[in-house]
Each structure stands twice: as C-alpha cells, then as structure tokens.
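In: Sharing a model that was predicted from the sequence below.
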Amino acid sequence: MLRRSFRYFSPSLAKFPFLALSLAAIAGFACAEPPRPPKADHPILGSWAFAVPGTNCQETYSMRPNGTTLVTSGEEVTESVYEVDDKASPKGFFKITDVIVRGNGKKDCSGEVTQVGQKATNYIRFDPSGDTMIMCRDESLNSCFGPLRRVRGQNT
C-alpha cells in the first residue's frame, strides 16, 4: 500500500505497469501537509510481503503508525507518506493514498525505478483473518494484485 508504484495489477496477477501508491517529493514534502496517521488499531499497520509472480523477487511493505511506509522491492528502497480510511466502505474496501518522498534510485522487482513524487490512490481489502490483503485500482475485484501476507514479528 501501501507503496510507490504497484506494478502487478490484474485479475490473473500478471504484472504490468501501473501508477499507484506514492507520495510527495522531498522538496515538496516540507511544504506538503503531514499525513493523517491511521487509527492505532487499523488493520493496515505492520509489515506485508508480496511474492512477485513469475520472479524470485519479493516486495515488503512496512506500514508505520505515523503514516509513513518503508518499501523494499528488489534493490529498491522507498519511503512514502500515506493516508487510509478509518473504516471500510460498504463494499469492504479501505481507500488509501500514497506519495513517494524518498528512494535510493535502484531498480525494483519489475526492473524499474520508482520516481520520487509519484502519487497513487488504491483500495485495499482484507480477508477476515486480517493476515492477507489485496490492493485494487477501484472498489471492485476487477484489477487487483496480491495477496500481500502479514509478516508476523515485524510491527505486528
């Protein structure tokens, strides 16, 4: 979510480029409003892992209580700020917005470099256990990627 650029959207989980979860450039970050942190018991909090289909690469999303994320994907490490709805919509999705504020300039699992300043809005849906989630472009299951699985022992 949680992140800079979710590039693995589709019902079949095949990867293709997608502009997604990101935040504000470091220069713009100082002028931007600080994120509204999620509520203390929000299910998004903690670390999430995604095994990228067709690769030996994994992405990890650490969703911090202060409204920031740390994402690793391949050699790339990015940080972003995010805001997420406190409650799920009637359709069961949480809207999340994200802006990339910092990156190390290295390639992610798709071989691309996520640009600082990239912004995204996505919709997250959790399974009943809260240990698995998917991320979608809109409030439907037509264009999603995942599952992302909770990493126990890391902020959870």
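Out: Now that the structure is in, tell me what you want to look at.

In: And for Val116, the neighbour number?
Out: Residue neighbour count, defined by other C-beta atoms under 10 Å, stands at 23 for Val116. The C-beta positions use only the backbone N, C-alpha and C, and glycine is treated the same way.

In: Okay, now the unreliable bits of the protein?
Out: 1-34, 154-156 (pLDDT under 70).

In: need the strands for it, in chain order.
Out: 46-51, 58-63, 68-73, 76-84, 94-103, 119-126, 132-136, 144-151 (DSSP state E).

In: can these go into a markdown table with extra columns for mean neighbour count and distance to Ser110?
Out: Listed next are those as a markdown table, based on neighbours: other C-beta atoms under 10 Å; distance: least, C-beta to C-beta, whole Å:
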| stretch | mean neighbour count | distance to Ser110 |
| --- | --- | --- |
| strand 46-51 | 21 | 12 |
| strand 58-63 | 21 | 10 |
| strand 68-73 | 22 | 8 |
| strand 76-84 | 23 | 10 |
| strand 94-103 | 23 | 14 |
| strand 119-126 | 21 | 15 |
| strand 132-136 | 21 | 15 |
| strand 144-151 | 20 | 12 |
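
In: Save these as a markdown table, and put in distance to Arg36 too.
Out: Converted to a markdown table, these look like this (distance: least, C-beta to C-beta, whole Å):
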| stretch | distance to Arg36 |
| --- | --- |
| strand 46-51 | 18 |
| strand 58-63 | 14 |
| strand 68-73 | 12 |
| strand 76-84 | 5 |
| strand 94-103 | 10 |
| strand 119-126 | 15 |
| strand 132-136 | 20 |
| strand 144-151 | 22 |
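
In: Tell me which of those strands approaches Lys39 most closely.
Out: Closest approach to Lys39 among those (C-beta to C-beta): strand 76-84, 9.1 Å.

In: mind listing what that closest one pairs with, with the direction of each?
Out: Using DSSP bridges, the strands paired with strand 76-84 are strand 68-73 (antiparallel), strand 94-103 (antiparallel).
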